[in-house]
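In: Sequence and predicted model, in that order:
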Amino acid sequence: MSTVARSPRFACFFILALLCPPLVAQESAVEKRPASAKAIPSDPLVDVQRGTIPIIICAPHGGREAIPGVPPRKNRPVNPPKGTPKWVTGTDVNTHELAEVIVTELEKRLGGRPYFVMARFQRKFIDPNRAPEHSYEVPEAKFYYDAYHDTIAEYCREVQKKWGTGLVIDVHGQASFKDQILIGTVGGETVKLLIERHGRGALVGQDGLVGMMLDAGTKVKPDLNSENLNVAAGLNGGYTVQTYGSHRPTALEAVQFEYGSSYRAKENIAKSAEDTAEGVAAFYKAYIVRKKPENAAAQ
């Protein structure tokens, strides 16, 4: 029997899932989620932690666990071209492990713990970086999908209330550019407020995110001072950053970090996380920190 099924928390989460209204379309996913929804405690299938600084780290595709009572997605459209899958089902290898170390390295540099939400379930059961209608096939999967996104939505509301802005980093893996990290922002859309307030240089300039990541020792796309803020087809930013970016009511800047396979190799994870944290910490200090949280005196 699964540890999830034995857990006393599971019954509470299941009741909460029944009481919560269904997830709505991307355009209103954040504002329409129930304000009473609470982030679930750390669970065998969704790892979460409240932070003390306005950074939220997400990792949707690094999980390796099966989901009790949820079969793998059939993954075939009606009359597909031969060999064409409907959805990607493979794991972004080592992204869960990489995201965990990034959280630790950011805490060392910034003196506070980032928030995090990381799926431990395999992508072949649920793809949480998709709208619900494209994420899972059976009703039993909804609970886990909602647990993942309701937690992110709650953290976004909390960060916005306390700090006014923040940074969401969605950690992924790709093999097309094995020696680079692709920074996806849907052509700048998910960092709309950043660009409005500070100009395009805050993203691609020498003193922006791209320049700071380069200074930290990583190789990234888009290029320094690039006129094109897109990186590569299919890798420009998915459902998570499109839902929680600053073009939405969250007012949080959201970026998708697509790590090439070299960065995700087991022997390189520590260095990749250190370099990422160095660049992100510099960006955070320059552009994200604006005011102390409301309860700063109590912290």
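Out: In hand now; what should we look at? Remember, it's a predicted structure, so these values are computed and weren't measured experimentally.
In: Buried residues in the stretch of helix or strand residue 196 belongs to, which are they?
Out: Residue 196 is part of helix 192-198 when elements are defined by DSSP states H and E. Across helix 192-198, burial judged by 16 or more other Cβ atoms under 10 Å covers 192-195, 198. In short, each C-beta sits where N, CA and C put it, glycine included.
In: Also stretch 235-250?
Out: So for stretch 235-250, counting by 16+ other Cβ under 10 Å, buried means 235-248, 250.
In: ok so, going back, quick one: name whatever helix or strand follows the helix holding residue 196.
Out: Taking DSSP H and E, what comes next after helix 192-198 is helix 201-204.
In: ok, residue 206 - contacts?
Out: Taking Cβ atoms under 8 Å, 6 or more residues apart in numbering as the criterion, residue 206 is in contact with 224-225.
In: In three-state terms, label it for me.
Out: Classification of residue 206 using DSSP: H, G, I helix; E, B strand; the rest coil returns coil.
In: got a pLDDT number for it?
Out: Looking at residue 206, its pLDDT reads 98.
In: What of residue 89?
Out: 88.
In: Verify the contact between it and residue 74 for me.
Out: No. Residue 89 lies out of contact with residue 74 (Cβ atoms under 8 Å); the separation is 10.2 Å.
In: Please enumerate the helices of the stretch 101-250 of the chain.
Out: Ranges of helices in the stretch 101-250 of the chain, per DSSP state H, counting those that start in this stretch, are 142-163, 192-198, 201-204, 209-215, 239-244.
In: want to try a markdown table for the ones you listed, with distance to residue 114 as columns?
Out: Converted to a markdown table, those look like this (distance: least, Cβ to Cβ, whole Å):
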| stretch | distance to residue 114 |
| --- | --- |
| helix 142-163 | 10 |
| helix 192-198 | 18 |
| helix 201-204 | 20 |
| helix 209-215 | 16 |
| helix 239-244 | 14 |
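In: Put the alpha carbons of stretch 267-277 into PDB.
Out: Extracted in PDB, the C-alpha atoms of stretch 267-277 (Å, rounded to 0.1, in the frame of the first residue of the first chain):
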ATOM      1  CA  GLU A 267      28.300  15.200 -11.200                       C
ATOM      2  CA  ASN A 268      27.400  18.800 -12.200                       C
ATOM      3  CA  ILE A 269      24.300  19.500 -10.100                       C
ATOM      4  CA  ALA A 270      26.200  21.100  -7.200                       C
ATOM      5  CA  LYS A 271      28.100  23.500  -9.500                       C
ATOM      6  CA  SER A 272      25.000  24.200 -11.600                       C
ATOM      7  CA  ALA A 273      23.000  25.100  -8.500                       C
ATOM      8  CA  GLU A 274      25.800  27.300  -7.100                       C
ATOM      9  CA  ASP A 275      26.100  29.200 -10.400                       C
ATOM     10  CA  THR A 276      22.400  29.600 -10.700                       C
ATOM     11  CA  ALA A 277      22.000  30.900  -7.200                       C
END
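In: who touches that stretch?
Out: 94, 97-98, 101-102, 104-106, 108-109, 181, 213, 216-218, 257, 259, 262-264.
In: Go again with 10 Å.
Out: Contacting residues not belonging to stretch 267-277 are listed as 94-95, 97-110, 114, 169, 171, 181, 213, 215-219, 257, 259-265, 284 [Cβ atoms under 10 Å, 6 or more residues apart in numbering].
In: which stretches of the chain have low pLDDT?
Out: Counting by pLDDT under 70, the chain has low-confidence residues at 1-43, 75-86, 290-299.
In: cutoff 50 now
Out: 1-39, 41-42, 291-294, 296-299 (pLDDT under 50).
In: thinking again about what came up before, now for the buried residues of stretch 235-250, which pair is the farthest apart?
Out: 235 and 250 (22.1 Å; Cβ to Cβ).
In: now the strands for the stretch 51-200 of the chain?
Out: 55-59, 115-119, 167-174, 181-184 (DSSP state E, counting those that start in this stretch).
In: between those, which one is nearest to residue 142?
Out: Taking the strands of the stretch 51-200 of the chain one by one with Cβ to Cβ, strand 115-119 is closest: 14.2 Å.
In: now that closest one: how far from the chain's centre is it?
Out: 7 Å (Cα atoms, centre = their mean, to the nearest Å).
In: Direction included, what does that strand pair up with?
Out: strand 46-49 (antiparallel), strand 55-59 (parallel) (DSSP bridges).
In: could I get those strands as TSV with mean neighbour count and distance to residue 160?
Out: TSV is the format used below for those (neighbours: other Cβ atoms under 10 Å; distance: least, Cβ to Cβ, whole Å):
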stretch	mean neighbour count	distance to residue 160
strand 46-49	20	18
strand 55-59	26	11
